[in-house]
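In: Sharing a model prediction with you, sequence too.
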Amino acid sequence: MNDMATVSQAIASEMELKDEERQPCEVWTRVMGYHRPVASFNIGKKGEHRERQFFREARVG
């Protein structure tokens with residue numbers, strides 16, 4: 001392994017957080033024309049959000 005890879009690994013291990021250092025991430029999504037936090041959804045809407053399929057459209061041309 002070269003020196004650069006060793007340095008990168010050392011930096012990555014120093015930057016890794018322990019579970020107790022982490023904080024929750026608030027996820028927002030667009031619903032009916034406006035944005036709302038997923039945490040405020042009712043149980044049915046949360047289930048629907050989990051079932052969503054994400055995709056990328058190919059470029060035309």
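Out: Looks like it arrived, so ask away.

In: Show me the helices in this structure, by range?
Out: Listed in chain order, the helices of the chain (DSSP state H) span residues 3-15, 43-51.

In: And residue 59, how close does it get to residue 29?
Out: Using CB to CB, to the nearest Å, residue 59 is found at 25 Å from residue 29. Where C-beta positions appear, they are placed from N, C-alpha and C, glycine not excepted.

In: Pass me the low-pLDDT residue ranges in this protein, would you?
Out: Across the chain, the ranges flagged by pLDDT under 70 are 1-5, 7-13.

In: Could you list the buried residues of stretch 23-43?
Out: Residues of stretch 23-43 classed as buried: none (neighbour count, 16 or more other CB atoms under 10 Å).

In: Oh, that last question was meant for stretch 48-61, not what I typed.
Out: Neighbour counts over stretch 48-61 (16+ other CB under 10 Å) mark no residue as buried.

In: can you list contacts of it?
Out: With contact meaning CB atoms under 8 Å, 6 or more residues apart in numbering, stretch 48-61 is reached by 29, 38, 41.

In: possible to save the residues you listed as JSON lines with distance to residue 48?
Out: Conversion of the contacts of stretch 48-61 to JSON lines gives the following (distance: CB to CB, whole Å):
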{"residue": "29", "distance to residue 48": "10"}
{"residue": "38", "distance to residue 48": "11"}
{"residue": "41", "distance to residue 48": "8"}
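
In: which one of those residues sits closest to residue 20?
Out: Set against residue 20, the nearest of the contacts of stretch 48-61 by CB to CB is residue 38 (23.8 Å).
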